[in-house]
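[1] Mind folding the following:
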Amino acid sequence: MMCIKRNSVLLLLLCLNVAIAQKQQTLLTIDNEAISSDEFMKLYNKNLDLVKDESQKQLDNYLELFVNYKLKLKEAVSLGLDKDENYKREFENYKKQLTKNYLSDNKVTDALVKEAYDRMQYDVKASHILILDNPEEEDTLVAYNKLLDYRKILQEKGFESAKEKYHNGKTVLVEDLGYFSTFKMVYDFESKAYETKPGNVSMPFKTDFGYHVVRIDNKRPSRGTATAAHIMIADKQKDSTINPEERIREIYKKLQQGESFEALAKQFSDDKSSARSGGKLRAFKSGQLSSTVFEDAAFALQNSGDVTEPIKTKYGWHIIKLINKEAVKGFEELKPTLEAQIKRDARSKLINSAMVKELSKRYKIDKNPKTKAYFKSIIAESYLAGKFDLPEDYNGDDVVLSVNDSVFSNNDFLQHLKTKQRQYMRQQTSIKKILDKELELFYENSVLKFREDNLENENQEFADVLQEYRDGLLLFALMEKQIWNKASKDTIGLKQYYEANKSKYVWEDRVDVIIASSGNKAMAKSVQDLVKSGKTQEEIKEALNSDGKQNIIFTSGIFEVSNSKLPKDMNLVTGVSNIYEHNQAYHIINVKEILPSGIKALEEAKGSVVNDYQNKIEEDWLLKLRDKFKVEVNKKVLKRLKSKINN
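    Just a heads-up that it's a prediction; the model follows:
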């Protein structure tokens, strides 16, 4: 008896200790909501490498950021932003997309990955005829029969004849698709294209777009990927003195004279995102860029370092340099990338079907065997006519399917049928066939919906990612409502803030210059002499760009002295400069005027002023939130956290 009492006391003390320990793990409370140290440290550790300001890595400072973050979420909920229909719709769309990444059948996924990899070994060149999906005008049989006729013309007389005869740009499209590879087209179309032999036309088939036949004109081994650099001169130029075609040909001449491609890209390319790296682009494969002209020109280059002559695309003029070409990588190396692509692709439907079979082994699923007969008796042919003539004794609450403790009723299935009704109107089908197909699809969707609705409880990683997005979406809506919109629309407040702080917004020293650039130092010296003697740009170009050579290129404008076009050691005096070596070239700079530093006008500094004004509004707003919501920090727990991380 004594032993039992002793054990009971020990057990009680143990429970009390656990309860006390758990209570002590509450780091802070905001408006009586307890927030654990685990939640805080989880975010701290996750964001540690992303924080550039070293002071924010201090636990006290990061705690301030964390509290502000939590206060904003509190305010968002108090304003009802989590009830906003746009918010809920965007969140649900994201949740559905994210769910797909957590629902998969490994065997099916592996088979699809292997299939995609095998197809990647080839590019197919195709043309097709598409009857756009319009159930009000075309049903499957009509479209199928039409396509049989169209197919014959496409097979026997070729693309041009078929286009001239059938293409109307509205209901029927006859298109040359060029070369493409895996993931470029919708999956059903891709599959039919790869299954059809070159020179043949497929039998009619359906995709989400409508009804197709596809002709395969050629099948070639994949060109792999190309990594290239380019110099681009855009068609539209701010400098009215620049003729794009003339400028690209000037640059091409300099390349032929041995000047560095990378240096010329840095100096003159209008593609700023690649210019800073000498014009280098990300690797690409056939069909990946929005310009087949550019792709074909790049892949036509044979050796690393080869360059094209100037070519024209819809974006402007280009000179392309091949860095390297690579064949398709090995299967194991590409497998993770392919898996990710497949989960975002229509192939995911196949994965979902396999997942339902697997879930059926884990969940308790009961189907009502009377559902099909019941709905056949109540919807009859009115369904195909676009109506629902439901009987007076219709019972919408009867169970169609139960998955564990979730029930899917007649009303749920009826809603499913309504969403599908339009596609069946006036089709040559039967209620029985419709119910056979749609009831099975409803079963599958219901099981997946149960899985989706409960995934947060079943998968912690999914729950964490979803919570981050939920919070991020709320914060964006809140900041837009309370800060960003106010700052951009409050013109009086913005002007008052600018007037009180305009000493912060100043121009650097600027120079109005004409820059002459050359890859040859002796040529730069000649320019210097000619400029000093009063020669114009045109006279200098005529004198030095002779015999078909492009020795000099001029650039003019007003630049801050820190601009990358100007040498860092540039001497700020008016007149003709010494020769500067900069960006792997030689430059003579004629400084027409020096514009000393000074306060920017509001319009000139508006971007920075709006940003700073937003920060000021946010600071004042956060102070009000601290008054609105009571914040209490458990200093003992904070001290213990600091000791653990030596902070």
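
[2] Confirm that D217 sits in a helix.
    No: assigned with DSSP: H, G, I helix; E, B strand; the rest coil, D217 falls outside any helix and is strand.

[3] and K504, how many neighbours?
    K504 sits with 13 neighbouring residues when counted by other CB atoms under 10 Å. Placement of C-beta: from N, CA and C, glycine included.

[4] Pull the contacting residues for it.
    S608, D612 (CB atoms under 8 Å, 6 or more residues apart in numbering).

[5] Quick one, grab the pLDDT at it.
    Per-residue pLDDT puts K504 at 91.

[6] cool, L289 as well?
    For L289, the model assigns a pLDDT of 82.

[7] ranges for the strands of the stretch 501-647 of the chain?
    Assigned by DSSP state E, counting those that start in this stretch, the strands in the stretch 501-647 of the chain fall at 506-507, 510-518, 553-560, 575-576, 580-582, 585-595, 598-599, 631-633.

[8] from these, which stretch is densest packed?
    The highest mean neighbour count among the strands of the stretch 501-647 of the chain, using mean count of other CB atoms under 10 Å, belongs to strand 510-518: a mean of 22.

[9] for the spatially closest residue to Y44 that is not a sequence neighbour, helix, strand, or coil?
    What sits nearest to Y44 in space, not counting adjacent residues and going by CB to CB, 6 or more residues apart in numbering, is Y62, at 5.7 Å. Classification of Y62 using three-state DSSP returns helix.

[10] I'd guessed Y62 sits against N45; true?
    No: judged on CB atoms under 8 Å, Y62 makes no contact with N45 at a distance of 10.5 Å.

[11] Compare these two (neighbour count), which wins?
    Set side by side, Y62 and N45 show more neighbours around Y62, with 19 against 10, by other CB under 10 Å.

[12] who wins for proximity to K387 among the strands of the stretch 501-647 of the chain?
    Closest to K387 of those is strand 631-633 (CB to CB; 59.3 Å).

[13] what's the burial count for Y150?
    24.

[14] F388 against N411, yeah?
    No: using CB under 8 Å as the test, F388 is too far from N411 to be in contact (12.0 Å).

[15] What segments of the stretch 401-550 of the chain are helices?
    Along the stretch 401-550 of the chain, the segments classed as helices by DSSP state H, counting those that start in this stretch run 410-424, 431-458, 460-479, 485-489, 491-501, 521-532, 537-544.

[16] Tell me what T26 is bridged to.
    S36 (DSSP bridges).

[17] That one reaches E632, doesn't it?
    No: T26 is beyond contact range of E632, at 9.4 Å (criterion: CB under 8 Å).

[18] Mean pLDDT per helix and strand in this structure: which one sits at the bottom?
    helix 2-24 (a mean of 39; mean pLDDT, DSSP states H and E).

[19] Now do the residue nearest the centre of the chain against N324, distance only.
    With distances taken as CA atoms, centre = their mean, the residue of the chain nearest its centroid is R344 (12.5 Å). The gap separating R344 from N324 is 28 Å, by CB to CB, to the nearest Å.

[20] Please apply the same query to R215.
    On the measure of CB to CB, R215 and N324 end up 34 Å apart.

[21] which of those two has more neighbours?
    In this view R215 and N324 are compared by other CB under 10 Å, and R215 has more residues nearby, 24 against 12.

[22] ok, the more buried one - contacts?
    Residues near R215 by CB under 8 Å, 6+ apart: A126, S127, H128, L154, Q155, F159, T196, N200, V201, S202.

[23] which residue sits closest to it, ignoring its sequence neighbours?
    Nearest to R215 is V201, by CB to CB, 6+ apart, at 4.5 Å.

[24] now do T225
    Computed as CB to CB, 6+ apart, the closest residue to T225 that is not its neighbour in sequence is A283, at 4.4 Å.

[25] Can you give me the neighbour number for the one you found?
    A283 has 15 neighbouring residues, counting by other CB under 10 Å.

[26] Any chance of the backbone angles for it?
    When read as degrees, to the nearest 10, the backbone of A283 gives phi -60, psi 150.

[27] Mind listing what's buried along stretch 521-529?
    M523, A524, S526, V527, Q528 (16 or more other CB atoms under 10 Å).

[28] try stretch 271-289
    By neighbour count on 16+ other CB under 10 Å, the buried set for stretch 271-289 is D271, S274, A275, G278, G279, K280, L281, F284, K285, S286, G287, L289.

[29] which ones are touching N303?
    Counting by CB under 8 Å, 6+ apart, N303 touches L322.

[30] oh, and call the first residue 75 from now on, that's how I've got it
    Sounds good: first residue 75 from here, last item N377.

[31] need the contact list for K615.
    Contacts of K615 (CB under 8 Å, 6+ apart): I626, F628.

[32] quick one: it and E655, what's the gap?
    Distance from K615 to E655, by CB to CB: 22 Å.

[33] go on, T173?
    Distance, T173 to E655, using CB to CB: 58 Å.

[34] Looking at strand pairing, list the partners for A308.
    G390.

[35] and it, what is it in contact with?
    A308 makes contacts with P318, D344, Y389, G390, as judged by CB under 8 Å, 6+ apart.

[36] Mind doing that once more with 10 Å?
    A308 sits next to I316, P318, R321, S343, D344, D345, Y389, G390, W391 when contact means CB atoms under 10 Å, 6 or more residues apart in numbering.

[37] do N175 as well
    E413, A414, K417, R418, S422, F536, V539.

[38] Quick one: buried ones out of those residues?
    Taking 16+ other CB under 10 Å as the criterion, what is buried in those is E413, K417, S422, F536, V539.

[39] if we can go back for a sec, correct me if wrong: the residue nearest to the centre of the chain contacts T411.
    No: if you go by CB atoms under 10 Å, R418 and T411 don't touch, sitting 11.3 Å apart.

[40] Find the residues that touch each one of the two.
    Taking CB under 10 Å, 6+ apart as the contact rule, R418 and T411 have no neighbour in common.

[41] Report the mean confidence score over stretch 496-505.
    73.

[42] now it, how far from the chain's geometric center?
    Stretch 496-505 has its C-alpha centroid displaced from the chain centroid by 38 Å (CA atoms, centre = their mean, to the nearest Å).

[43] Tell me the span between the first and last residue of it.
    Distance between the two ends of stretch 496-505: 14 Å, counting by CA to CA, to the nearest Å.

[44] what about the strands in the stretch 75-224 of the chain?
    Along the stretch 75-224 of the chain, counting by DSSP E, counting those that start in this stretch, strands occupy 100-104, 107-110, 196-206.

[45] confidence score at the residue lying closest to A401 once chain neighbours are set aside?
    Distances taken as CB to CB, 6+ apart place G298 nearest to A401, at 4.4 Å, with adjacent residues excluded. pLDDT, G298: 91.

[46] again, but for L509
    pLDDT, L509: 90.

[47] Could you tell me how many residues sit around the nearest residue to it once chain neighbours are set aside?
    Residue nearest to L509 in three dimensions, not counting chain neighbours: K446, with 5.2 Å by CB to CB, 6+ apart. Neighbour count of K446, defined by other CB under 10 Å: 17.

[48] so is K446 in a helix, a strand, or just coil?
    Assigned with three-state DSSP, K446 falls in the helix class.

[49] Make sure it is actually in contact with K506.
    Yes: at 8.4 Å, K446 counts as touching K506 under the criterion of CB under 10 Å.

[50] Quick check: phi and psi on V635?
    Backbone torsions of V635, given as degrees, to the nearest 10, read phi -60, psi -20.

[51] Show me what the helix or strand in which E369 is found is packed up against.
    Assigned by DSSP states H and E, E369 falls within helix 366-374. Here helix 366-374 touches strand 246-254, strand 299-308, strand 385-387, strand 390-400, going by 3 or more CB pairs under 10 Å, 6 or more residues apart in numbering; DSSP states H and E.
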